[in-house]
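Chemist: my questions concern the predicted model and sequence given below.
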Amino acid sequence: MNLTRREFVILSSAALAGCGGSEGQAVQRLVAPVDAGRESDYAANGTYGAFRGRGFFLVRRGGELFAISSVCTHRACRIKPRPDGSFLCPCHGSTFTPEGHVNKGPATRDLPRYRVTLDDRRHVIISPLGNET
């Protein structure tokens, strides 16, 4: 098959577009503060996935509310929460503890955490720390 340079570039770009992220969707990382709503919306222990597509999960464990990246540190696939509170990367099988520490590779870096603050309305504000990878 003979392809013109233009056809080659178009086909190559289309093929690469399908290779990143999981579930065929672009993976976002948190780059600006996000208002996640009222603190009372996160009163029960568990993992809240409403912001998974925005790059993070909110997690309530033992009275602590924290935000953790929903993007695997291995190849930037979206991770999924598991019933036991841990996390799984469906792309290559990495697993992370409920606190975001690598449990099984190929990932070698823990999941980044984000800054969680409350504003004067008691809304949860999630902000990047500036050192996420």
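Modeler: Perfect, I can see it now. Remember, predicted model here, so these are calculated numbers, not experimental data.
Chemist: contacts, neighbours, all on C-alpha from now
Modeler: Will do.
Chemist: show me what whichever strand or helix holds Arg60 is packed up against.
Modeler: Arg60 is part of strand 56-61, with elements assigned from DSSP states H and E. Packed against strand 56-61 by the contact rule (3 or more Cα pairs under 8 Å, 6 or more residues apart in numbering; DSSP states H and E) you find strand 46-48, strand 64-69.
Chemist: among those strands, which is nearest Ala32?
Modeler: Closest to Ala32 of the helices and strands packed on strand 56-61, according to Cα to Cα: strand 64-69, at 13.5 Å.
Chemist: which residues of this protein fall in strands?
Modeler: With DSSP state E applied, the chain shows strands at 34-38, 46-48, 56-61, 64-69, 80-81, 87-88, 95-96, 102-104, 113-118, 123-127, listed in chain order.
Chemist: now the fifth one: mean pLDDT?
Modeler: Just to be clear, that refers to strand 80-81. Strand 80-81 shows a mean pLDDT of 95 in the predicted model.
Chemist: if anything else comes up later, I'll come back, but that's it for now.
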